Each structure stands twice: as C-alpha cells, then as structure tokens.
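J.: Compute the structure for the input listed below.
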Amino acid sequence: ILPLTGGTADYGESVRNSIELAQKDRDDMLSRVSFFYEDAAYDPKQAVSAFQKLVRVDKVDLIYVWGVAFCKVVAPLAEASKIPLVGQCIDPEIGRDRNYVVRFMNYTDQYLRATSEYLANKGHNRLGIVLTENPYLEEMLAALERNLKPGQSVKVVERLQSTEMDFRTVISKIRNSNIESVGVFLSVGQ
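T.: Residues are numbered from 1 along each chain as shown. This next block holds a predicted model:
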C-alpha cells in the first residue's frame, strides 16, 4: 500500500521501483513471490480500502504499507485480521503490543538527537520550526522536543496546510523573533 498518486507519489514510486529492481536483481529469491500494488494517494480512507482488497480479493499473505497515516489506520486492521503487516513508519506505537505488525524505519529520535546536539554545539538554543500539518512531520517535531539539550527550547513559528505556497508572512515572523535556528518541516512541493 503506497502513495502512487498525489503529493507524495514520488515516495511511493521510489518504493515500487526499489521492489521491482530487487525482483530483477534477485530473481532466484523472489521468483515465487507475487507483488500487488495498491495506491492509497496519501489518503487513509484509500489505505483502508486497499487493505481490504488485498486481504479479501487478492488473498495476500503479507502486507507492506508506507507512511505514518497509512500505518495508523491499517495496523489495527492487520492485527484484528491476523494478517502480517510490515509498516514503514516513524510512529513507534504502530507495532507496540501487536503480534502481527512489525514497524521498521530509522528512528526520528536518532536524527533529531544529532540535530539538537549539532545546534547546541553551535550555541543555538532558541529553535523555531515551520511545520506543515502532516503526521510524519508532527512526529519529527515530537522527536525534536524529546531530544532537546539542556537550555534549548523549540517554538512552532507557524503551522501550515500542505497547500500553502506563500511564505512571506512566515518569513516576517521569523525575522521578528529571537530564534537562533529555524527548522523547515514542509511537505513535498512546498
């Protein structure tokens, strides 16, 4: 279950291309494996429909799902249906206390711990974030907040919709603040 259309289609296409490349590269291992791709267009409702089709119509043995929003809605369904699910997702709760859900991905805490350490070493303690409302980016912010060094603070300068393309107001807010470093957590295309 991938976003093959919509604003994050580049990610979904990259995953599909990677799987297809692996199939060609390792035909000896994957020749008996069939892959079915379902487009969720980064819409959780479509992810649920995709899950149901894969289970009921295609009768798959395992489902891979990409993205926080998809994982959040599909993981409980997989657990209830006893269908193994591999979720590529940064939310650590996806696989917790579940027998049929495995989550994998580099932890955002690792990325943001390194970021906060780097900024602290540069003497940057007043941090600002420009954030597009999106589950992945919200988790990035939460990871930053969990990993701030003593004396560091983070302020959300502006929360944006993914359709927002005019950043003049945001830039003015940043210029008029006492923020030392700005993180820009935007969606694809912004």
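J.: quick one: the helices in the protein?
T.: In the chain, the helices defined using DSSP state H lie at 9-25, 27-30, 44-56, 68-81, 108-121, 135-146, 168-175.
J.: any chance of those in JSON lines, with mean neighbour count too?
T.: Heads up, the C-betas are built off the backbone N, CA and C, glycines and all. Formatted as JSON lines, these follow (neighbours: other CB atoms under 10 Å):
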{"stretch": "helix 9-25", "mean neighbour count": "14"}
{"stretch": "helix 27-30", "mean neighbour count": "10"}
{"stretch": "helix 44-56", "mean neighbour count": "17"}
{"stretch": "helix 68-81", "mean neighbour count": "20"}
{"stretch": "helix 108-121", "mean neighbour count": "16"}
{"stretch": "helix 135-146", "mean neighbour count": "18"}
{"stretch": "helix 168-175", "mean neighbour count": "12"}
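J.: Need those helices in CSV (columns: distance to Asp97).
T.: Shown next, in CSV, are these (distance: least, CB to CB, whole Å):
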stretch, distance to Asp97
helix 9-25, 27
helix 27-30, 32
helix 44-56, 20
helix 68-81, 9
helix 108-121, 20
helix 135-146, 19
helix 168-175, 39
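J.: Save the ones you listed as a markdown table, and put in mean pLDDT and distance to Ser153 too.
T.: Putting the helices of the chain into a markdown table (pLDDT from 0 to 100; distance: least, CB to CB, whole Å) gives the following:
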| stretch | mean pLDDT | distance to Ser153 |
| --- | --- | --- |
| helix 9-25 | 92 | 32 |
| helix 27-30 | 90 | 49 |
| helix 44-56 | 97 | 33 |
| helix 68-81 | 95 | 25 |
| helix 108-121 | 93 | 11 |
| helix 135-146 | 90 | 9 |
| helix 168-175 | 94 | 15 |
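J.: Identify whichever of these lies nearest to Glu158.
T.: The minimum distance between Glu158 and the helices of the chain falls on helix 168-175, with 4.7 Å, by CB to CB.
J.: gap between that closest one and the chain center?
T.: Taking CA atoms, centre = their mean, to the nearest Å, one finds the center of helix 168-175 at 27 Å from the center of the full chain.
J.: Just the C-alphas of it, formatted as CSV.
T.: C-alpha atoms of helix 168-175 as CSV (Å, rounded to 0.1, in the frame of the first residue of the first chain):
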residue,chain,number,x,y,z
ARG,A,168,6.1,35.8,3.1
THR,A,169,4.2,36.0,6.4
VAL,A,170,6.2,33.2,7.9
ILE,A,171,9.5,34.8,6.9
SER,A,172,8.4,38.1,8.5
LYS,A,173,7.5,36.2,11.7
ILE,A,174,11.0,34.6,11.7
ARG,A,175,12.7,37.9,11.1
